[in-house]
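Participant: how would this look folded up:
(one chain, ligands or ions: 1)
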Amino acid sequence: MKVIEHYERATEPLLSYEIIPPRRGGSVAQVLEIVEALAPYDPPFIDVTSHSAEASYEEMPDGSIRRQVKRKRPGTLGLCAAIQHRFGIDAVPHVLCRGFTREETEDALIELNYLGIHNVLAVRGDDTGTPKVERPERTVNDYACDLVGQIAAMNRGEYLDEGLLDATPTDFCIGVGGYPEKHEEAPNMTWDVLHLKRKVDAGADYVVTQMFFETQHYIDFVERCRDVGITVPIVPGLKILTTRRHLRSLPRTFKVEIPESLAAEVEAARDEHIPSIGVEWARQQAEALMDAGAPGIHFYIMSDPQHVLRVVEPLRA
Ligand code: FAD
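Facilitator: Next up is the predicted model:
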């Protein structure tokens, strides 16, 4: 079923999850264990992130440096097929602009369509320092709104090769990302929200937000979005802070703020108590978000679902 249909039919807020593929060479078994752990909680859908190629540098025995470009975490499509067909849970692969040509994206979407996967989350991706070598006959999507436009065109049966005689329309439900604390590159919130509107106008069916730790950020963001005419569901994304390291790594990586009271509590706590602080913060946030009318909560899971399940269990009780 489409993600948007899940939201339309829901009688209570939906709890959904996001996982990442294993590292290149790693086993899929570990990731499928996460899905197995989530399955008893009837997730309406599970997202699987996508990762473009990155450059790494290796020193050779003669002292020279070898530059290698690799996708560290391939496997999004295969993992989604396993989730959908082995567990009967709708899978949402993320598709990216950065690192992929429009032609590769079209092929990937055809692949997904054949696999019976009709949901995607369209994001631009971050700069990996390895831009796709552009050739005149290949084209790229610069922003997520361009990628949404490409997917929406395929939904109308318009492929890149305009001469196709049997261009079967696809039927993708399209999600996009939103930023309650503003995307780092946007000069201001008004600009960012107007660009979010462009993604919705291009065909996005719903928005999932970047993580945030202050509920008011989401409430203000939704209000701004509604003010400019964005009417689709806006689903808050939550991440549970579980280590002292998160105090610095989450702001650095995701450009989000950790509220003073949470940071102070974590700073003063013994290491073994930190996960409980993060779980309690997320539980209170989830309750407040639901009270504020959020259509669901989207939990970001890296490799361990246990902390998220400690938040989910009381919410479902
Ligand atoms: P866009 O919507 O393209 O916006 C990027 C910036 O450009 C914003 O500042 C926006 O205001 C501005 N902008 C947009 N359109 C225009 C325009 N036409 N002209 C000028 N400026 C414009 N990254 C991954 O690598 N893999 C993932 O799987 C992944 N999943 C994600 C899931 C969610 C829910 C979210 C919120 C983020 C995810 N990301 C992922 C991270 C994301 O790729 C980065 O945050 C990226 O920097 C921006 O992506 P976007 O789709 O929001 O970009």
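Participant: which residues of this structure score low on pLDDT?
Facilitator: 130-134 (pLDDT under 70).
Participant: tell me where it has strands.
Facilitator: 14-19, 45-48, 54-59, 65-70, 90-96, 119-123, 173-178, 206-211, 234-239, 296-300 (DSSP state E).
Participant: make TSV from the ones you listed and add mean neighbour count and distance to residue 225 to it.
Facilitator: Backbone N, C-alpha and C define where each C-beta goes, glycine included. TSV is the format used below for the strands of the chain (neighbours: other Cβ atoms under 10 Å; distance: least, Cβ to Cβ, whole Å):
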stretch	mean neighbour count	distance to residue 225
strand 14-19	22	19
strand 45-48	25	20
strand 54-59	11	32
strand 65-70	10	37
strand 90-96	25	21
strand 119-123	26	17
strand 173-178	25	7
strand 206-211	22	7
strand 234-239	24	6
strand 296-300	24	16
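Participant: can those strands go into JSON lines with extra columns for distance to the ligand?
Facilitator: What follows is those, written out as JSON lines (distance: least, Cβ to the nearest ligand atom, whole Å):
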{"stretch": "strand 14-19", "distance to the ligand": "7"}
{"stretch": "strand 45-48", "distance to the ligand": "7"}
{"stretch": "strand 54-59", "distance to the ligand": "10"}
{"stretch": "strand 65-70", "distance to the ligand": "15"}
{"stretch": "strand 90-96", "distance to the ligand": "3"}
{"stretch": "strand 119-123", "distance to the ligand": "4"}
{"stretch": "strand 173-178", "distance to the ligand": "3"}
{"stretch": "strand 206-211", "distance to the ligand": "4"}
{"stretch": "strand 234-239", "distance to the ligand": "6"}
{"stretch": "strand 296-300", "distance to the ligand": "7"}
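Participant: quick check: residues of the stretch 51-200 of the chain near the ligand?
Facilitator: Residues of the stretch 51-200 of the chain lying close to the ligand (Cβ under 6 Å from any ligand atom) are 51, 94, 96, 121, 123-126, 143-145, 177, 183, 185-186, 191-192, 195, 199.
Participant: take those and, keeping just the buried ones, write it as a PyMOL select command.
Facilitator: A single PyMOL command selects the buried members of these (16 or more other Cβ atoms under 10 Å):
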select buried, resi 51+94+96+121+123+124+125+144+145+177+183+192+195+199
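Participant: out of the residues of the stretch 51-200 of the chain next to the ligand, which sit inside helices?
Facilitator: Among these, the members falling in helices (DSSP state H) are 144-145, 191-192, 195, 199.
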